[in-house]
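> I need the structure of the sequence given here:
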Amino acid sequence: MSGNGMEKSEKAVFSSDDGAAREHQFFPLFDPGELTKLGNRNFEVMSRAARAYFNGATEMNRHFAEFMNQRMKKDFESARAFMASKNSEDAFNTQAEFVESAFRDYAEETTKVFNLAADLAREALKPAEH
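So this is what the prediction gives:
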């Protein structure tokens, strides 16, 4: 057997109108054992890929929660500093620091998220590569 699951074939004998027996070759039949092995392999690959995906998604969610928690603390601190400003120059500087900090934090976070997503994709596809 070549391992492709299509080695078996069956023949049938039919009688024609003139009474002569005619043999008919059916298409090759699939070996159910080979199909089961293939199905089991596909299921195992899918299961390992799903585990890797869910582990990665869990890590990304944890990372998002940590970032949002830290960013909210900084946002509240900036709001307090802004409200405590004694003059317009202090208020402007506080806002400028807030925007600079937020821009930097979100840019860094975007880089981290893209790296996490790339790692997640790599890990989720590993089982299918073998």
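
> C-alpha from now on. contacts and neighbour counts both.
OK.

> element containing the most centrally placed residue in the chain?
Using Cα atoms, centre = their mean, the residue of the chain that lies closest to the mean C-alpha position is Tyr53, 4.9 Å off. Following DSSP states H and E, the helix or strand that holds Tyr53 is helix 32-83.

> report the rounded mean pLDDT for that helix.
Model confidence over helix 32-83, given as mean pLDDT, is 90.

> against which helices or strands is that helix packed?
If contacts are counted by 3 or more Cα pairs under 8 Å, 6 or more residues apart in numbering; DSSP states H and E, helix 32-83 sits against helix 88-129.

> the helix it packs on vs helix 32-83, what angle?
Following axes from the mean of the first three to the mean of the last three Cα atoms, to 10 degrees, one obtains 170 degrees for the angle between helix 88-129 and helix 32-83.

> helix 88-129 packs against which elements?
Contacting helix 88-129 under the criterion 3+ Cα pairs under 8 Å, 6+ apart are the following elements: helix 32-83.

> helix, strand or coil for the residue in the chain sticking out farthest from the centre?
Of all residues in the chain, the one whose C-alpha sits farthest from the chain's mean C-alpha position, using Cα atoms, centre = their mean, is Asp18 at 63.2 Å. With DSSP: H, G, I helix; E, B strand; the rest coil as the basis, Asp18 sits in coil.

> could you measure from it over to Phe64?
With the distance defined as Cα to Cα, to the nearest Å, Asp18 ends up 79 Å from Phe64.

> and what of Glu34?
The span separating Glu34 from Phe64 equals 45 Å under the rule Cα to Cα.
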